[in-house]
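Colleague: what shape does this take:
(2 chains)
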Amino acid sequence: NAGVTQTPKFQVLKTGQSMTLQCAQDMNHNSMYWYRQDPGMGLRLIYYSASEGTTDKGEVPNGYNVSRLNKREFSLRLESAAPSQTSVYFCARRRTGALTGELFFGEGSRLTVL
Amino acid sequence: TQLLEQSPQFLSIQEGENLTVYCNSSSVFSSLQWYRQEPGEGPVLLVTVVTGGEVKKLKRLTFQFGDARKDSSLHITAAQPGDTGLYLCAGERDTGRRALTFGSGTRLQVQP
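Modeller: Have a look, this model is predicted:
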C-alpha cells in the first residue's frame, strides 16, 4: 500500500449525510495530499498539507474540509454530501526532501452519494 | 480545459505491437512523472524526468521529456498483456506550490 492506508475502502451515503475519510502514513513524511478521480478526468487535487498543522486548497476544494492533526494522519471530511461527490478518493504522501513531485498513493476510497 | 492533455485516451492493441502515448501542455514543468494504475488500486510511479530532452528507459518503456519541458512521451516496445492499465502523466510547476497536476490518462489494453 506504499505506506499509505485509507479507510473506509467503500462507502455509500445519502445526500446531505456527512462522513470523514481517514488516511494514515507510516513513513513520517511531511507532505500529504487528497485527490479525487473521476472517469475521463484524471486525478484532481482537493487539498494538500505541506507539514503538520498546515493545509492548502487544491483545484476542487468546495464541499470538503481537511484536518492534519499530526504528521501521520490527514483526514478529508464531507459535511453535507452531494451526488457530485461520488468519486474515488486517493490519499498520497510525498517523500520529505524530494526535489521532484513523486507521490505514493493509497488504494483509494470509493464513495457513492445517492 | 486540462493543464496536461494526454492522447490517445484509449488504445487497444495486439501483443507485440509498439505504441506511443503523449502528454502535452502549454505550461513549463520543473519535473514530470508517469504513473500506471491498475483497477482497484492507486497509481504507482514509473519514472520521473526533470531535464529538457531527457530520455529514460525502463525495460521496454522509453520516456522522453520535451526540450522546452512542456511535453512528454511514453513509448512501449513489443507490448505485453501485463502492460494493460491506465497511464497517467503528472507535472509539477515552479510555483512554490508542491503539488502535482495530472493528465486525464490513457487507458491501454493489450490483447494476447
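Colleague: grab the nearest non-local neighbour of the residue of chain A found nearest chain B.
Modeller: Nearest residue of chain A to chain B (CB to the nearest CB) works out as A:Phe105 at 3.1 Å. No exception for glycine: its C-beta is placed from N, CA and C like everyone else's. Counting by CB to CB, 6 or more residues apart in numbering or on different chains, A:Phe105 lies nearest to B:Gly42, which is 3.1 Å off, once chain neighbours are set aside.
Colleague: let me see the contact set for B:Ser12.
Modeller: B:Ser12 is in contact with B:108-109, B:111, counting by CB atoms under 8 Å, 6 or more residues apart in numbering or on different chains.
Colleague: next secondary structure element downstream of the strand or helix carrying it?
Modeller: In this assignment (DSSP states H and E), B:Ser12 forms part of strand B:10-14. Moving toward the C-terminus from strand B:10-14, the next helix or strand (DSSP H and E) is strand B:19-24.
Colleague: show me what that following strand is packed up against.
Modeller: strand B:5-7, strand B:10-14, strand B:71-76, strand B:85-92, strand B:106-111 (3 or more CB pairs under 8 Å, 6 or more residues apart in numbering or on different chains; DSSP states H and E).
Colleague: A:Gly42: which of the ones you listed is closest?
Modeller: strand B:85-92 (6.1 Å; CB to CB).
Colleague: direction-wise, compare that closest one with strand B:71-76 and give the angle.
Modeller: 150 degrees (axes from the mean of the first three to the mean of the last three CA atoms, to 10 degrees).
Colleague: partner strands of strand B:85-92, parallel or antiparallel?
Modeller: strand B:31-37 (antiparallel), strand B:101-102 (antiparallel), strand B:106-111 (antiparallel) (DSSP bridges).
Colleague: lowest average confidence across the ones you listed, which one?
Modeller: Looking over those, mean pLDDT reaches its minimum on strand B:101-102, with a mean of 90.
Colleague: next, give phi and psi for B:Asp83.
Modeller: B:Asp83 adopts backbone torsions of phi -80, psi -10, taken as degrees, to the nearest 10.
Colleague: and A:Pro83, by the same measure?
Modeller: The phi/psi pair for A:Pro83 (degrees, to the nearest 10) is phi -50, psi -30.
Colleague: residue contacts, it?
Modeller: A:15, A:113-114.
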